[in-house]
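Novice: Quick one: sequence plus predicted model below, questions after.
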Amino acid sequence: MAIFVTGATGYLGAYIVYELLAQTEERFALLVRANSLDQAKARLWKAFQLHMDADEFSQLLPRLDLYIGDITAPNLGLTNRDWTCLRDSTESIIHAAAILNRKSHQACVNVNVRGTLAVIQLARAANTHHGLRRFSLLSSVAVAGHRQDEIVTEAEAIQWDRPDYDPYGATKKLTEYLVQTLLPDISYTIFRPSTVLGDSRFGKTTQFDTARALVLLAQTGIIPLQPHWRMDIVSADFVGRAIATLHQKSQLAHTIYHLSAGEQSLTYREILTSLGRAGLFSPILQPPFEWLVQRLATTPRSWKISRLATSLKVFMPYLTFNTVFDNQRIIQELGDSPPSFRAYGANLYRFLVEHHCQFPYQLTPVPSVLASGV
């Protein structure tokens, strides 16, 4: 039997699998979108470079059964034989695959909604066949929709009459509803990370969307935000550890957990200080700043500014809503609080600047021995 994980080649998916590999002796079945096993293995190795070297990756491969598929395709894009094998061998499921597209409703519906339905179908089939221990869903605090100056609890996050900021938040809200509605006989857990930024153990990251916006604001010297506004930042290692730990527990106090900094979230002034930067806060500039970002996002790609401007345009609502997400449930469950951004922000900022918001991937050849199984 194995733990089935989708999204293992993604940023948070790799953290979850890494933590599970470290905490357990279990086997893992990973769904990877690729044209071949070699390409699947190469994608997985790229995702894991933040966590281990090639030798360690090679040693862990025998515990991984790689399924070449696609969550948007019928039967996850698997042959009947492979789908049956996966159904019969799945002990529990962690569904972490998603698309974070903040603009395309079609893309978010296709991957986030249809993909989740496909994984739910597998869960129901496995549960009917032999019983499924747990279904864990990686969601997001983006399901809370439009907010301003609030502290949001898990129970209060989803309000169906509240508008959403973007297609990503809207479709993640739907995926939660699907899990709650279509898995009545299966123990499920829903995890909602807040803004995930960096790793508290070392100043490196392979995820740069939010990071680019933070670097730009820090380097301008003039911050068009209120200095007392708070931003709920959580480290990727805490998210991975929390999901891996709770997924293995036999009994949990709740079904939904915010993975967030909660009321310990830093203000923008404190964030800037933790980066080792100084700046002038000028909230009066927020409207013209947002106007400029809108215009720059439509400039030709050859100007090399549209990508950054688009990221800022997408994240501006989350930068200005001054809302944090209560995390008492996860603190009580783990007996531990998430690391403060204050403790690792400077190291992360140094890495981002020195590497121009790019990760220095190794060119080490991927180990040639595939895991046995599929």
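Specialist: Thanks, I have it. Numbering: from 1, shown residues only.

Novice: mind checking how far stretch 187-197 is from the chain centre?
Specialist: Mean-position distance between stretch 187-197 and its chain equals 8 Å (C-alpha atoms, centre = their mean, to the nearest Å).

Novice: Name the residues of that stretch that are buried.
Specialist: 188-197 (16 or more other C-beta atoms under 10 Å). C-beta coordinates here come from the backbone N, C-alpha and C atoms, glycine included.

Novice: Do a quick rundown of the helices in the stretch 201-350 of the chain.
Specialist: 209-220, 236-248, 268-274, 286-296, 306-320, 328-334, 341-354 (DSSP state H, counting those that start in this stretch).

Novice: Can I take it that S92 is in a strand?
Specialist: Yes. Counting by DSSP: H, G, I helix; E, B strand; the rest coil, S92 falls inside a strand.

Novice: between the helices of the stretch 201-350 of the chain, which one is nearest to V113?
Specialist: Proximity to V113, assessed across the helices of the stretch 201-350 of the chain by C-beta to C-beta, is greatest for helix 306-320 (19.8 Å).

Novice: Tell me what angle the closest one forms with helix 209-220.
Specialist: Here helix 306-320 runs at an angle of 90 degrees relative to helix 209-220 (axes from the mean of the first three to the mean of the last three C-alpha atoms, to 10 degrees).

Novice: What is helix 306-320 packed up against?
Specialist: Applying 3 or more C-beta pairs under 8 Å, 6 or more residues apart in numbering; DSSP states H and E, one finds that helix 306-320 makes contact with helix 209-220, helix 286-296.

Novice: can you put those in CSV and add mean neighbour count and mean pLDDT?
Specialist: Converted to CSV, the helices and strands packed on helix 306-320 look like this (neighbours: other C-beta atoms under 10 Å; pLDDT from 0 to 100):
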stretch, mean neighbour count, mean pLDDT
helix 209-220, 18, 86
helix 286-296, 14, 87
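
Novice: which stretch among those comes nearest Q332?
Specialist: Comparing the helices and strands packed on helix 306-320 under C-beta to C-beta, the one sitting nearest is helix 209-220, at 27.5 Å.

Novice: need the contact list for Y268.
Specialist: Y268 makes contact with 223, 225-231, 281, according to C-beta atoms under 8 Å, 6 or more residues apart in numbering.

Novice: sorry, back to before: tabulate the helices of the stretch 201-350 of the chain (CSV), appending distance to M1.
Specialist: Putting the helices of the stretch 201-350 of the chain into CSV (distance: least, C-beta to C-beta, whole Å) gives the following:
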stretch, distance to M1
helix 209-220, 36
helix 236-248, 13
helix 268-274, 44
helix 286-296, 50
helix 306-320, 39
helix 328-334, 25
helix 341-354, 37
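
Novice: Y67: which of the ones you listed is closest?
Specialist: Comparing the helices of the stretch 201-350 of the chain by C-beta to C-beta, helix 236-248 comes nearest, at 19.1 Å.

Novice: Show the average pLDDT along that closest one.
Specialist: For helix 236-248, mean pLDDT rounds to 98.

Novice: now stretch 63-80
Specialist: Here the average pLDDT along stretch 63-80 is 95.

Novice: repeat for stretch 300-310
Specialist: Here the average pLDDT along stretch 300-310 is 76.
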